[in-house]
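In: Sequence first, then the predicted structure, then my questions.
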Amino acid sequence: MDDLPRLHAMADHDYGVDGAEVLLRLLEAGADPNERAGALAETPLHVATRRRRPDAVELLLAHGADIEARTAGGKTAWLHAVRRGFADVTAVLEARGADTRLAAPDRLAVAVVEGRLDAARALLAAEPGCVRTGNPEEDRLLADVAGRFPTVPVALLIEAGADLAARGLDDGTPLHQAAWFGQPANAWLLVAAGAPLDVFDGTHASSPIGWAVHGSRYSGGADVRQDEYVALVQLLLEAGSSLRYPGEESDAYRERLLRDATPDVRALLESS
């Protein structure tokens, strides 16, 4: 991951149990709540919003964060929240007067995450281009839902022409997301549609099978969902996922996966 300014990092991966206290100290020491960082030119408010940290959002707004700041892709913090269905964060932002206007790609995202699939279908019929606009912050919708939702919305977006390689959480593709969150049915849909198997994300340097293996041990609820992770790894192996880093002939990646895997998943890897 690219080095982030301290306030961005604090609102992102460094936000622990005392995250609000540390964030407050940084702000009171003069950290700029409107500093831009990353390829998307996000402010700390954008980061805290997409990481679903309503207390951090409150602190940043109280210390001068621009509620209407837009990323490189034109998204405000409120749009980040509403596109992901983060009602607790949207409530904070709306109470502060956030602009709540939605363009067509955002309306599609909201309809999908709210489960209003008939509305999503109607919008796609009227504006088919809204599923794939060329804006990474809009085309990530399939990645946003592939790990969190059942097969119907995923199938709907695939059929509508959503980008199978778009990047979402931690730079993972839709297949990465299905793998990490233990969604073999969604993974099957994505693989059948031609989703890339051996794309390595820029955050963890891992492919979808790597996310499945890591998820088998560390994803929330994985301890009681081992069957799903075994099914995922089996699916990805049978589809032809590589156990090597791109361009390398060593077994370093395979060894990394073996160290991460739970016993049942490790047995699959060892037999491949």
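Out: Received, thanks.
In: so how far is stretch 191-207 from its chain's centroid?
Out: Averaging C-alpha positions (Cα atoms, centre = their mean, to the nearest Å) puts stretch 191-207 13 Å from its chain's average.
In: and the end-to-end length of it?
Out: Distance across stretch 191-207, first residue to last, is 14 Å (Cα to Cα, to the nearest Å).
In: And that stretch, what's buried?
Out: The neighbour-count check on stretch 191-207 (16 or more other Cβ atoms under 10 Å) flags V191, A193, A195, L197, V199, F200, D201, H204, S206, S207 as buried. The C-beta positions use only the backbone N, C-alpha and C, and glycine is treated the same way.
In: for stretch 83-99, same thing?
Out: For stretch 83-99, burial by neighbour count (16+ other Cβ under 10 Å) applies to R83, R84, G85, F86, V89, T90, V92, L93, A98.
In: go on, stretch 241-249?
Out: The neighbour-count check on stretch 241-249 (16+ other Cβ under 10 Å) flags S241, L243, Y245 as buried.
In: Over to stretch 215-230?
Out: So stretch 215-230, judged by 16+ other Cβ under 10 Å, has buried residues G215, S216, S219, A222, R225, Q226, E228, Y229, V230.
In: Now the terminal residues of that stretch, how far apart.
Out: 11 Å.
In: How far does that stretch sit from its chain's centre?
Out: Relative to its chain's centre, stretch 215-230 lies at 18 Å (Cα atoms, centre = their mean).
In: which outside residues touch that stretch?
Out: Identification of contacts with stretch 215-230 by Cβ atoms under 8 Å, 6 or more residues apart in numbering yields 179-184, 212-213, 232-233, 260-262, 264-265, 268.
In: and which of the buried residues of stretch 83-99 is nearest to A62?
Out: Distance to A62 across the buried residues of stretch 83-99 (Cβ to Cβ) is lowest for V92, with 10.8 Å.
In: Next, the contact list for the most centrally placed residue in the chain, please.
Out: Residue closest to the average C-alpha location in the chain (Cα atoms, centre = their mean): L169, at 2.1 Å. Shown in contact with L169 (Cβ under 8 Å, 6+ apart): A143, D144, G147, Q177.
In: at 10 Å instead, please
Out: L169 makes contact with 50-51, 84, 140, 143-144, 147-148, 176-177, 180-181, 201, 203, according to Cβ atoms under 10 Å, 6 or more residues apart in numbering.
In: any chance of those in TSV, plus pLDDT?
Out: What follows is the contacts of L169, written out as TSV (pLDDT from 0 to 100):
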residue	pLDDT
R50	95
R51	95
R84	95
R140	97
A143	98
D144	96
G147	96
R148	92
H176	98
Q177	98
W180	98
F181	97
D201	97
T203	93
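In: how about low-confidence regions in the stretch 1-150 of the chain?
Out: 1-2 (pLDDT under 70).
In: please redo it, this time with the cut-off set to 80
Out: 1-3 (pLDDT under 80).
In: distance of the closest residue to V265 other than its chain neighbours from D170?
Out: What sits nearest to V265 in space, not counting adjacent residues and going by Cβ to Cβ, 6 or more residues apart in numbering, is S216, at 4.6 Å. Plainly put, S216 is 17 Å away from D170 if you go by Cβ to Cβ, to the nearest Å.
In: what do you get for V154?
Out: Distance, V154 to D170, using Cβ to Cβ: 19 Å.
In: the more surrounded of the two?
Out: Neighbours were counted for V154 and for D170 using other Cβ atoms under 10 Å; V154 has more, 27 against 16.
In: Any idea how far the longest helix along the chain is from the middle of the chain?
Out: Among the elements of the chain assigned as helix by DSSP state H, the one spanning the most residues is helix 226-239. On the basis of Cα atoms, centre = their mean, helix 226-239 is displaced by 21 Å from the centre of the chain it belongs to.
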